[in-house]
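> Here is a sequence together with a model predicted from it:
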Amino acid sequence: MPQDPRAYFEAEYLRPGILRAEDVAAGCHAMSASFLANQLERSLSNLGVDCLDVYYVHNPETQLGEVTRDEFHRRLHSAFEFLESAVSAGKIRFYGMATWGGFREPEAAADYLSLTAIEQIARDVGGPVHHFRFVQLPFNLAMTEALTRGNQPVHGPPVSMVEAAEALGISLVASASLLQGKMSRGLPAFVSQALELENDAERAIQFVRSSPGITTALVGMSHVDHVRSNLRLLSQLKATPEQFSRLFARGQKA
């Protein structure tokens, strides 16, 4: 952390013109093309690679606390224009959004995100073969909205995020599979009865990796033992539809 963060920010980003003060929302978020270009080059350098498989725009819903939805869409359009150009330059293969609340919220929420509207912006920028193909969002035993909340209109009445993503060709990546470790212990008995396995951490990950429409269950691992434990799941089949049905049926009764 710099000794004077404000001076660092001004010297590093404002004076060189990488960011304008009005590009920053909530004192912490920006997604202007010049800023994304700077951060992409830093990421490539830090990782020592020439190309990233997926580049995420992080928590874009933060912007909706300060700008209108029309302005938000304009900024997103500009960001997607840059990201499509980065694909053409061979610096990224695909791009997406890594979010927290936006895709899980009810439609009336101030920070709600519409996958259909965002995919349309990508389509306006890159055509039908655009490279907006990934969304990361929290999904775990305590946060099931991506599967259970109908908040995403696509071609009719609102459907779940899982259904909307499938319809639009977007891959869903689950973050917070263990909810910062909260799902690794103390789960209700009906969860272990439905999913079996050796411990709650495995059951929590099994739930996420087995959920329809989820391509990847992200899990933080800070110890070798965590890695070994989590890798044991690779030898297990995913949960069956019957186990899933039993899990949700017992959950409604609990």
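Right, received. Where do you want to start?

> Which positions in the lengthiest helix in the chain come out as buried?
When the chain is parsed with DSSP state H, its longest helix is helix 69-88. Buried residues in helix 69-88, counting neighbours by 16 or more other C-beta atoms under 10 Å, are found at 72-73, 75-76, 78-80, 82-84, 86-87. C-betas here are computed from N, CA, C, even on glycine.

> So what's the gap between that helix and the chain middle?
Average the C-alpha atoms of helix 69-88, do the same for its chain, and the two points are 17 Å apart (C-alpha atoms, centre = their mean, to the nearest Å).

> Next SSE downstream of that helix?
Following the chain from helix 69-88 toward its C-terminal end, the next helix or strand by DSSP states H and E is strand 92-98.

> And the next helix or strand past that next one?
Moving on from strand 92-98 towards the C-terminus, the next helix or strand you reach (DSSP H and E) is helix 115-126.

> what residues does that following helix touch?
By C-beta atoms under 8 Å, 6 or more residues apart in numbering, the surrounding residues in contact with helix 115-126 are 73, 76-77, 80-81, 84, 97, 103, 130-132, 135, 152-154, 161, 164-165, 168, 170.

> What's the ChimeraX line that selects buried ones from those residues?
ChimeraX command restricting the contacts of helix 115-126 to the buried ones, with burial defined by 16+ other C-beta under 10 Å:
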select :73,76,80,84,97,103,130,131,132,135,152,154,161,164,165,168,170
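
> how about the longest helix of the chain as PDB, C-alpha atoms only?
Coordinates of each C-alpha in helix 69-88 appear next as PDB, following Å, rounded to 0.1, in the frame of the first residue of the first chain:
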ATOM      1  CA  ARG A  69     -28.500   2.900 -16.600                       C
ATOM      2  CA  ASP A  70     -28.200   4.600 -20.000                       C
ATOM      3  CA  GLU A  71     -24.800   5.900 -19.100                       C
ATOM      4  CA  PHE A  72     -23.800   2.500 -17.700                       C
ATOM      5  CA  HIS A  73     -24.700   0.900 -21.000                       C
ATOM      6  CA  ARG A  74     -22.700   3.500 -22.800                       C
ATOM      7  CA  ARG A  75     -19.700   2.800 -20.700                       C
ATOM      8  CA  LEU A  76     -20.100  -0.900 -21.100                       C
ATOM      9  CA  HIS A  77     -20.300  -0.400 -24.900                       C
ATOM     10  CA  SER A  78     -17.000   1.400 -24.800                       C
ATOM     11  CA  ALA A  79     -15.400  -1.300 -22.600                       C
ATOM     12  CA  PHE A  80     -16.600  -4.000 -25.000                       C
ATOM     13  CA  GLU A  81     -15.300  -2.200 -28.000                       C
ATOM     14  CA  PHE A  82     -11.900  -2.200 -26.400                       C
ATOM     15  CA  LEU A  83     -12.100  -5.900 -25.300                       C
ATOM     16  CA  GLU A  84     -13.200  -6.900 -28.800                       C
ATOM     17  CA  SER A  85     -10.100  -5.100 -30.200                       C
ATOM     18  CA  ALA A  86      -8.000  -6.900 -27.600                       C
ATOM     19  CA  VAL A  87      -9.300 -10.200 -29.000                       C
ATOM     20  CA  SER A  88      -8.400  -9.100 -32.500                       C
END
